[in-house]
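Q: The following block contains a protein sequence and its predicted model.
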Amino acid sequence: MNFRIASLLMAVVLLSACQPSNTVELNEQGYYPLATRVGVNDVDVVLGAIESGVASNVTALFRYSTIPCATIVALGGPPQCRAGEAENTPLEVLPALFSEGSYFRKDEISNWQGLDAESLYAVFEISESAYSDAYYPAGEYGIALIRADGSSVIVRVAGGSIVRVDYPAGPSFDMLNAILARDTSEMLLPPPSR
């Protein structure tokens, strides 16, 4: 009987040690520091790469989509073919949403400057109502970050890999908070009170 109680207590202690702390201190900008973790391995691996500030650590986690290119320009459509690429040439790209859809090509990713993230704003599970289509996967988790210039970026994560990067328009938090309201099924780390 004592062995069962001791085993149960040990399990409770181990489980509580794996849970994220609910008392994360905010940095001087009033956001969570990049060193914050949420206790979900798929998310924490990505947070560690972002915290490093090294673009190649982040790009190592990119899961590229293979999408055929198009010669016709279409808002939110497939990536544009380069000169010499035939229509429907399969390309490895990371989808990105700015004010319209875009892509980071795998063969150009060494030129990518990184996220320029300074703080963590929120971490959330992505709901079924989140925007996605064949070219823009929603991911399983979202990591909302604050950049050095005060703008935001949302990294979409699935299976410990980055599947999409969103750059909400404008310097205000209205768009970011609207995206969080629409795309969140469960908040793992809520935005700090403002």
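A: Alright, I've got the coordinates.
Q: Make sure residue 146 is actually in contact with residue 31.
A: Yes: counting by CB atoms under 8 Å, residue 146 touches residue 31, with 5.4 Å between them. The C-beta positions use only the backbone N, C-alpha and C, and glycine is treated the same way.
Q: Report the set of residues contacting both of those two.
A: 118, 119, 120, 121 (CB atoms under 8 Å, 6 or more residues apart in numbering).
Q: By neighbour count, which of these wins?
A: Neighbour counts for those, by other CB atoms under 10 Å, peak at residue 120, which reaches 27 neighbours.
Q: secondary structure element for that one?
A: strand 117-126 (DSSP states H and E).
Q: chain center to the helix or strand that contains residue 162: distance?
A: Assigned by DSSP H and E, residue 162 belongs to strand 161-166. Offset of strand 161-166 from its chain centre (CA atoms, centre = their mean, to the nearest Å): 5 Å.
Q: For that strand, buried residues please.
A: 161, 162, 163, 164, 165, 166 (16 or more other CB atoms under 10 Å).
Q: Could you list every helix and strand in contact with it?
A: With contacts taken as 3 or more CB pairs under 8 Å, 6 or more residues apart in numbering; DSSP states H and E, strand 161-166 sits against strand 90-97, strand 152-158.
Q: what's downstream of the first one, the next helix or strand?
A: Per DSSP H and E, strand 90-97 leads on to strand 101-105 as the next helix or strand towards the C-terminus.
Q: Mind listing the strands that next one pairs with, and their directions?
A: Within its sheet, strand 101-105 is paired with strand 90-97 (antiparallel), according to DSSP bridges.
Q: Mean neighbour count, the helices and strands packed on strand 161-166: which tops it?
A: strand 152-158 (a mean of 23; mean count of other CB atoms under 10 Å).
Q: what sits against the residue nearest to the spatial centre of the chain?
A: Centroid check for the chain by CA atoms, centre = their mean gives residue 155 as the closest residue, at 1.8 Å. Applying CB under 8 Å, 6+ apart to residue 155 gives the contacts 46, 50, 115, 142, 143, 145, 162, 164, 165.
Q: What strand or helix carries the fifth one?
A: I take that to be residue 143. With DSSP H and E as the criterion, the answer for residue 143 is strand 141-147.
Q: cool, the third one as well?
A: Secondary structure from DSSP H and E places residue 115 outside every helix and strand.
Q: surely it meets residue 143?
A: No: contact between residue 115 and residue 143 fails when scored by CB under 8 Å: they sit 9.7 Å apart.
Q: The two - which one has more neighbours?
A: residue 143 (26 against 20).
Q: The more buried one pairs with what?
A: residue 123, residue 155.
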